[in-house]
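# Provided below are the primary sequence and the corresponding predicted coordinates.
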Amino acid sequence: MRVGIPRALLFHHYGECWLEFLETLGIEPVITEDTSGETITVGATRADNETCLPVKVFSGHLLQLKDRVDAVLVPRVVRQEPGKCACPKFMGLPDLARSLDPELPPILSPRMDLGDRRSLWAREWYGVARALGGRRTSSAVAVARLLRALSPLEEPPPARPRHSDVVIGVAGHLYNVFDGRVSLDMLERIRRLGAEPVTLDQVPLEHARRHADTLSRKIFWGFESRLAGTVLHWSRTASVSGILFVTSFACGPGSIVGALLEDQLEREGSVPLMTVTLDEHSAEAGLVTRLEAFTDMLRHRSRTTADVTKGSDPFVTSAVHPGGSG
Amino acid sequence: MRIAVPRMGNLPLIVEDLARRFDLDYIETPPFNLQTVELGAALAPEFACLPLKAVLGSFVQVLDLGADTLVMGGGHGPCRFGFYGEVQKRILDRMGREFRMIILDPPSASLSVFFHGIREVIPRQRVGGAAVLRELSAAMAKAIVFDEMEKWALACRGLAREAGSVDAALDESRRLLAPAMSRREVRKARREILEVFDAVAVERERPHLSVGLVGEIFVVLEPYFNFEVDTWLGRRGAVVERSCCISDTIYPGGRNPVFGHSDRRVARAAAPFLTHEVGGDGLLTVGAAVLFARRGFDAVVHLLPFTCMPEVIAKGVLSRVSSEMDMPVLSLSIDEQTGRAGVQTRLEALLDLAWSNRAGTQSESFSEDFTPRPSILTRGSGGVTREGL
């Protein structure tokens, strides 16, 4: 029995747990390779043309598994946090996957609802484990291991020491930022420019939650709420020199949260913010030029503010705000 | 306090009725036009969907006309609609407009929040709690009749003996219903409206196509954005039925009195294709398309705003519904650039395809001629006999 998992979307969040689940059952998981140009091309041609880039990438990965496995695991993630909901695409992902190609192997879609009582959705995973041929005990153990593997994800990660004077907060979906091909190696490029990127997962959830609660209307998407809270945390504590908001073309929550953050940060007088929109046609040169300009601007800015206002808060005098998608 | 509410289908009629009941100073939002859309598109975030842009543009226009309080619907996700109000408020505020924005969250989120919202619009000092409930219930009954008569009009426009007789009946019905205030008066008006529609001469035996209209409520209901597909199809001799309307959406308990299938039934119909709620009207779109297919409809037109999240999922799933239930489905995504001619050409192709299916032409070459390219039709069903009529 070979069960495939596409290396896309929420695999970047929960992949460890899913693998733990399959391995406990003694099933050999088949994970697709890192995204390549071809994955994106296949996904973009086969998936619906209006879906967002990550879903196209997911489709590309899924189609790679077509003849290689007996079943594909596409969990239906309904909520990533209590009281919030996930992007509609995650809720409909298994159904979207089934419609993609009639010849795909069966798609296993146990529900994963981190806002609901675990006993309710864990039962579906137990059912999947049994269907995969697990015995009662080993299925129960697999589910228990899955739940246990989930817990550390919610713990705040340890803070890391900073190596550079220019720290750039990269705010974007983990499946975009951590996918080298989709983000065009954004993190590595930032490092090569002598700056240090920090990502969302390096900021404790409680900081994000506290700052997200200060917004005038609660953001109902779990991940976007965390993203907005983290950006506000970075900006208000001035723990980064600049923020890079990474979104993908046709990202629904991104279009709203991006507009909201641009407005909120401009009202508060924040650190500079740059928006980068990724799509399947994104070219390296365009990104490199903009990253260079952004880091140069941040470096220049930290030097001038340090000269002019020594001792006082340099971020109050912030006038540079590229905002927009400029 | 001069209140303005966004436009959508019958909403201006319903809001006018509410304003009369609660004696509110209400100003009607001007109908959508090119300028509204351009204004909205220039101000709104680039990737926001069409309803946000259109409503934002009309808010600017209605503020110019002297409104000072904007009432907007809310929600708790996962559809972006729940955040429209907040984004629009911030954009208008940044433009330096003076106004108050009241975001009415639906009762499904929290009943107390809902009533708090209502109380912001209708002050406690003027109308008591019991009166509010009584009037809202009567207004609900009236809203249902407003939607029902549109449903009847769509059902008989394609078969009417005289062109324009259905539109005249619809106008007459609206005139009859407008003054009704109590539930009893609404019931009486409904009986009279039924008589008006009975008087319209229809040719039931005329061969015709049945077309279902599903999709996102704003583009399905707002004639400016769907280029009046429903009446256009009617004039081409098709019997049309819509999946969504305003009263079904706000009716408590998900009974959908106008569409006639409860949310549970819709979810059960959609289950083989889409097993989970995806926000907005996504599940309803899929469920209604399946129900239409089961009832032997010849085609389904799916309208969605460009990049609408729930409807994009529905669009992907509908391609499977179309091939498995053997019914052509045409998905039209609509944004500020969509042109009337493009929409009508595709609809004509869809009608031709449906007629050729109906004719039962099994000749391979003929059905291939009528199977449009996949980019236009989500998926055509090729040359299959369909019984009936």
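Yes, it's here. Numbers count the residues shown, from 1 in each chain, chains lettered A, B, ... in the order given.
# what ranges in chain B fall below the confidence cut-off?
Applying pLDDT under 70 to chain B flags the ranges B:361-389.
# brain fart, the stretch 151-300 of chain A
By pLDDT under 70, the low-scoring segments of the stretch 151-300 of chain A are A:152-163.
# would you mind listing what in it touches chain B?
Selection of the stretch 151-300 of chain A residues close to chain B by C-beta under 8 Å from any C-beta of the partner chain yields A:216-217, A:219-221, A:249-256, A:258-260, A:263. The C-beta positions use only the backbone N, C-alpha and C, and glycine is treated the same way.
# quick one: the helices in the stretch 151-300 of chain A?
Secondary structure of the stretch 151-300 of chain A, counting by DSSP state H, counting those that start in this stretch: helices at A:174-177, A:186-192, A:205-212, A:222-237, A:252-268, A:284-308.
# for the shortest one, packing partners?
The one in question is helix A:174-177. For helix A:174-177, the contact count by 3 or more C-beta pairs under 8 Å, 6 or more residues apart in numbering or on different chains; DSSP states H and E identifies helix A:11-24, helix A:53-64, strand A:242-248 as packing neighbours.
# do the third one as well
Contact here means 3+ C-beta pairs under 8 Å, 6+ apart; on that basis helix A:205-212 packs against helix A:222-237.
# so what does the helix it packs on touch, helix or strand wise?
On a contact count with 3+ C-beta pairs under 8 Å, 6+ apart, helix A:222-237 meets strand A:167-172, helix A:205-212, strand A:242-248, helix A:252-268.
# which stretches of the stretch 51-200 of chain A form strands?
Taking DSSP state E, counting those that start in this stretch as the test, the strands found in the stretch 51-200 of chain A are A:71-73, A:76-79, A:107-108, A:111-113, A:167-172, A:196-199.
# now render these as CSV, adding mean neighbour count and distance to residue A:296.
Output for these, formatted as CSV (neighbours: other C-beta atoms under 10 Å in any protein chain shown; distance: least, C-beta to C-beta, whole Å):
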stretch, mean neighbour count, distance to residue A:296
strand A:71-73, 23, 45
strand A:76-79, 21, 39
strand A:107-108, 19, 47
strand A:111-113, 22, 43
strand A:167-172, 24, 12
strand A:196-199, 19, 15
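# so which of those strands comes closest to residue B:340?
Nearest of those to residue B:340, taken as C-beta to C-beta: strand A:167-172 at 38.2 Å.
# mind saving the C-alpha coords of stretch A:193-206 as PDB?
Taking C-alpha atoms only, stretch A:193-206 is exported to PDB below (Å, rounded to 0.1, in the frame of the first residue of the first chain):
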ATOM      1  CA  LEU A 193      21.700  40.500   0.000                       C
ATOM      2  CA  GLY A 194      23.100  40.600   3.500                       C
ATOM      3  CA  ALA A 195      19.800  40.900   5.300                       C
ATOM      4  CA  GLU A 196      18.100  38.400   7.500                       C
ATOM      5  CA  PRO A 197      14.600  37.100   6.800                       C
ATOM      6  CA  VAL A 198      12.300  36.200   9.600                       C
ATOM      7  CA  THR A 199       9.100  34.300   8.900                       C
ATOM      8  CA  LEU A 200       5.800  34.000  10.600                       C
ATOM      9  CA  ASP A 201       6.500  30.700  12.400                       C
ATOM     10  CA  GLN A 202       9.400  32.400  14.300                       C
ATOM     11  CA  VAL A 203       6.900  34.700  16.200                       C
ATOM     12  CA  PRO A 204       5.100  33.300  19.200                       C
ATOM     13  CA  LEU A 205       1.400  32.800  18.500                       C
ATOM     14  CA  GLU A 206       0.400  34.800  21.600                       C
END
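# please report how far the residue lying closest to residue B:245 once chain neighbours are set aside lies from residue B:244.
Of all residues not flanking residue B:245 in the chain, residue B:147 sits nearest, at 4.1 Å (C-beta to C-beta, 6 or more residues apart in numbering or on different chains). In this view, residue B:147 and residue B:244 are 10 Å apart by C-beta to C-beta, to the nearest Å.
# how much space separates the residue nearest in space to the middle of chain B from residue B:56?
Nearest to the geometric centre of chain B sits residue B:221, at 3.2 Å (C-alpha atoms, centre = their mean). Using C-beta to C-beta, residue B:221 is found at 18 Å from residue B:56.
# ditto for residue A:200
30 Å.
# neighbour count: the two, which is higher?
residue B:56 (25 against 21; other C-beta atoms under 10 Å in any protein chain shown).
# I'd assumed residue B:90 was in contact with the more buried one.
No: in terms of C-beta atoms under 8 Å, residue B:56 does not count as a neighbour of residue B:90; the distance is 10.7 Å.
# for chain A, what's the nearest residue on the stretch 101-250 of chain B?
residue B:103 (7.5 Å; C-beta to the nearest C-beta).
# in terms of helices and strands, where is that residue?
Per DSSP states H and E: residue B:103 is located in strand B:100-104.
# after that strand, which helix or strand is next? Please name it.
Note on strand B:100-104: by DSSP H and E, the next helix or strand toward the C-terminus is helix B:111-121.
# what packs against that following helix?
Using 3+ C-beta pairs under 8 Å, 6+ apart as the contact test, the elements touching helix B:111-121 are strand B:100-104.
# quick one: residues in contact with the strand it packs on.
Contact with strand B:100-104 is made by A:217, B:1, B:68-74, B:85-86, B:88-89, B:92, B:114, B:117-118, B:120-121, as judged by C-beta atoms under 8 Å, 6 or more residues apart in numbering or on different chains.
# residues near residue 13, how many?
Since you didn't name a chain, this refers to chain A. So residue A:13, with other C-beta under 10 Å, has 18 neighbours.
# ah, no, chain B please
Neighbours of residue B:13 under the rule other C-beta under 10 Å: 16.
# tell me where chain B has strands.
For chain B, applying DSSP state E gives strands covering B:3-4, B:69-73, B:100-104, B:209-215, B:238-242, B:299-305, B:329-334.
# sheet partners, orientation included, of the fourth one?
What that stands for is strand B:209-215. strand B:238-242 (parallel), strand B:299-305 (parallel) (DSSP bridges).
# what angle separates the longest one from strand B:329-334?
Strand B:299-305 runs at 20 degrees relative to strand B:329-334, counting by axes from the mean of the first three to the mean of the last three C-alpha atoms, to 10 degrees.
# how far does strand B:299-305 sit from the chain's center?
Distance, stretch centre to chain centre, for strand B:299-305: 11 Å (C-alpha atoms, centre = their mean, to the nearest Å).
# next: the first one.
Strand B:238-242 has its average C-alpha position 13 Å from the chain's average C-alpha position, going by C-alpha atoms, centre = their mean.
# burial check on the residue nearest to residue B:268 when sequence neighbours are not counted, number of neighbours?
Nearest non-adjacent residue to residue B:268, counting by C-beta to C-beta, 6+ apart: residue B:287, 7.8 Å away. Using other C-beta under 10 Å, residue B:287 has 28 other residues around it.
# surely residue B:287 and residue B:272 touch.
No: with contact defined as C-beta under 8 Å, residue B:287 does not reach residue B:272; the gap is 10.4 Å.
# now residue B:215, nearest residue through space, not along the chain?
Of all residues not flanking residue B:215 in the chain, residue B:303 sits nearest, at 3.6 Å (C-beta to C-beta, 6+ apart).
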